[in-house]
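Trainee: When you get a sec, could you give me coordinates for this:
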Amino acid sequence: MDAPEAANIVIRQISKRIGQKLSEEIALRISSLPLLVLEDLSEALLDFTTLADFQSWLEDT
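Mentor: As a prediction, the model looks like this:
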C-alpha cells in the first residue's frame, strides 16, 4: 500500500470513528503525512473519540 491509499483509508476511519466528516484542510494535512506516520495514525485513531483527540495527536507528531 502506498501513502495516498493509506491516507484515504485513515481519513475514512477517523471520520467514522468521530462521527463526522473531516474538513478538507484536515484531510489534506493527513494526505501529506509520510507512510510511516500514517501507519502510526491508523493505530492511534482507535483511541480517538473526538476531533480534538485527533488534532492533539496531530500536533504532537
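
Trainee: Every contact and neighbour count from this point should use C-alpha atoms.
Mentor: OK.

Trainee: Per-residue pLDDT of Ser32, please?
Mentor: On pLDDT, Ser32 comes in at 96.

Trainee: Got the phi and psi for it?
Mentor: Reported as degrees, to the nearest 10, the phi and psi values for Ser32 are phi -90, psi -10.

Trainee: what do you get for Leu22?
Mentor: phi -80, psi 150.

Trainee: now do Ile26
Mentor: phi -70, psi -40.

Trainee: quick thing: my sequence starts at 387, can you match it?
Mentor: Renumbered: residue one is now 387, and that last one reads Ile412.

Trainee: Determine the number of other residues adjacent to it.
Mentor: 14 (other Cα atoms under 10 Å).

Trainee: what about it, distance to Leu421?
Mentor: Computed as Cα to Cα, to the nearest Å, the Ile412 to Leu421 distance reads 16 Å.

Trainee: Check Thr447 too.
Mentor: For Thr447 relative to Leu421 (Cα to Cα), the value is 13 Å.

Trainee: Looking at the two, which is more packed in?
Mentor: Higher neighbour count among Thr447 and Leu421: Leu421, with 17 against 8, using other Cα under 10 Å.

Trainee: For the nearest residue to that one once chain neighbours are set aside, list the residues it contacts.
Mentor: Residue nearest to Leu421 in three dimensions, not counting chain neighbours: Ala389, with 4.8 Å by Cα to Cα, 6 or more residues apart in numbering. Going by Cα atoms under 8 Å, 6 or more residues apart in numbering, Ala389 touches Ser417, Leu419, Pro420, Leu421, Leu424.
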